[in-house]
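# mind folding the following:
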Amino acid sequence: MTAGSARTGGSVAPAGWLGGAGVDEAVVAARVRERFVADGTSVTPASVVGAVRAEPGAALRGDAGLLRLADRVHGELAGAGPLAPLLADARVTDVLVNGTQVWVDRGAGLERAAVGVGSVDEVRRLAQRLAAACGRRLDDGCPYVDARLPDGTRLHAVLPPVAATGPYLSLRTFRQRPFQLAELVGNGMVDPPVAELLRAVVAGRLAYLIAGGTGSGKTTLLNTLLGLVPADERIVMVEDAAELRPEHPHVVTLQARTANVEGVGSVGLGALVRQALRMRPDRLVVGECRGAEVVDLLAALNTGHDGGAGTLHANAASDVPARLEALGLLGGLPRAALHAQIAAAIQVVVQLRRFAGQRFVDAICLLTPHGPERLITVTPAWRRGAGPQPAGPALARLLAERGVPVPAVLDSRGPR
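As a prediction, the model looks like this:
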């Protein structure tokens, strides 16, 4: 038997084709990739298997080995390559690549992942391929991209020299099945008494904002609460990137569009909110309020569309009025008019917090006008670890007026 080979079943196979990923396997994978690029062949699972099978010595690898190599090549051509196993892990919420280092968050904070992504150039090609899969450009002329992969994974990538020690990739995974409220209770995100209160807010058609910092679970909770909307109601959602997929039989989504390479063709959230009003929504939802579209949302919720919802970046519930005011000014709405619109359009703020890797509902508050100028302030109705708060009776009255049983958590005499 010659050096650099191994014998199995009476046949001689090249080293590296027999167990795990060897040197020859990497060479074969590179050769198949180059052939696809040169030929312009459509990358499908079947075409990749055929190309790998045509390689010398492929039959000696066996079906299992051949399919494993085909999966690797397909991932490097059309998928996330070495990051694919991490993205397929149901526990992983974020995958971060800093140059050639990989970090993951499995719900308990960031940890280093023992995953090899190759050289800086290979990471750059991976980032560009992922961007291309989203129909977006990523090169020296446009060194950053924020997009969504076909499976729903959110992609953000930055290339050098903007990324000083990059490339940098940030991937946030998408859960195919939304959480049920009972699951959020089970994992500690929602306290059991608060689950009843959230159900009441949805049933009472109170308009609410879910606020919190980045990665605090805003989209997760909104997805879950939209699943509580009665089945005979139509939900029309407006999003910058399609993230919300509630378990509900009647949902339609409008997604914003960025400008093309000529700088034309963009469709913003504000325009989509106005289109949504013509689509007979029972519940109007804006995935994230981050700009002047908040003016259109407030106007929409003041036209008889109860039960609307959205998310907002705010580190604390008390910051919500200032955040809304800043966004409203972008839309040219005077301060007094903005506060009047908020008072009439939105009743509840659900504040989320992330601490030591745990996400949880920190407070449920009312937006109420105060003082001679009728400026909006945030008053807690319930706070984690403290129970009922001063706005609890007012929230209880709102729910009672809408024919919804008042949850026990709003009773100051109830359990804390």
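# and the residue nearest the centre of the chain, what does it touch?
The residue lying closest to the centre of the chain (CA atoms, centre = their mean) is residue 243, at 5.3 Å. Residues in contact with residue 243, defined by CB atoms under 8 Å, 6 or more residues apart in numbering, are 148, 152, 154, 174, 219, 287. Any C-beta I mention is one placed from the backbone N, CA and C, and that applies to glycine too.
# what helix or strand is the second one on?
Element membership of residue 152, judged by DSSP states H and E, is empty: it is in no helix or strand.
# which residues sit in contact with it?
174, 176, 242-243, 245.
# need the max-distance pair from those residues.
Across these, the longest distance by CB to CB is 13.3 Å; it joins 176 and 242.
# the two: who's more crowded?
Between residue 176 and residue 242, counted using other CB atoms under 10 Å, residue 242 has the larger neighbour count: 15 against 9.
# list of residues touching stretch 266-274?
Contacts to stretch 266-274, defined as CB under 8 Å, 6+ apart, come from residues 238-240, 254-259, 284, 286, 291-293, 295-297, 300, 331.
# please, a PyMOL command that selects the buried ones among the contacts of residue 243?
Selection of buried members from the contacts of residue 243 for PyMOL, criterion 16 or more other CB atoms under 10 Å:
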select buried, resi 148+154+174+219+287
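# got CSV for the contacts of residue 243, with distance to residue 136 too?
Converted to CSV, the contacts of residue 243 look like this (distance: CB to CB, whole Å):
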residue, distance to residue 136
148, 10
152, 15
154, 13
174, 17
219, 21
287, 19
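# contacts for stretch 97-112 next, please.
83, 86, 89, 91-96, 113, 115-120, 123, 165-171, 215, 356-357.
# let's see that with 7 Å instead.
Residues outside stretch 97-112 that contact it (CB atoms under 7 Å, 6 or more residues apart in numbering) are 86, 91-96, 113, 115, 117, 119-120, 123, 165-166, 168-169, 357.
# over to stretch 199-208?
So stretch 199-208 is contacted by 225, 228-229, 301, 306-309, 345-350, 398-399, 402, 404, 407 (CB under 7 Å, 6+ apart).
# quick one: residues in contact with the longest strand seen in the chain.
In the chain, with assignment by DSSP state E, the single longest strand is strand 358-370. By CB under 7 Å, 6+ apart, the list of residues contacting strand 358-370 from outside reads 188-191, 194, 197, 216-217, 317, 339, 342-343, 346-353, 375-384, 391, 394-395.
# okay, and which of those map to strands?
Mapping the contacts of strand 358-370 onto strands (DSSP E) picks out 348-353, 375-383.
# wait, which of the residues you listed is closest to residue 127?
The closest of the ones in strands among the contacts of strand 358-370, once distances to residue 127 are taken by CB to CB, is residue 352, at 29.9 Å.
# bridging residues for the closest one?
In this structure, residue 352 bridges to residue 361 when assessed by DSSP bridges.
# break down the stretch 201-350 of the chain into its strands, ranges please.
Taking DSSP state E, counting those that start in this stretch as the criterion, the stretch 201-350 of the chain carries its strands at 208-212, 235-239, 251-255, 283-289, 309-313, 348-355.
# pLDDT weak spots in the stretch 151-300 of the chain?
176, 261 (pLDDT under 70).
# where do the helices sit along it?
181-186, 192-203, 218-226, 269-276, 293-301 (DSSP state H, counting those that start in this stretch).
# contacts for the shortest one, please.
With contacts defined as CB under 7 Å, 6+ apart, helix 181-186 is touched by 190, 192, 195, 224, 228.
# which among those residues count as buried?
Of these, these count as buried by 16+ other CB under 10 Å: 190, 195, 224, 228.
# farthest-separated two in these?
Maximum distance among the buried ones among the contacts of helix 181-186 (CB to CB): 12.3 Å, for 190 and 228.
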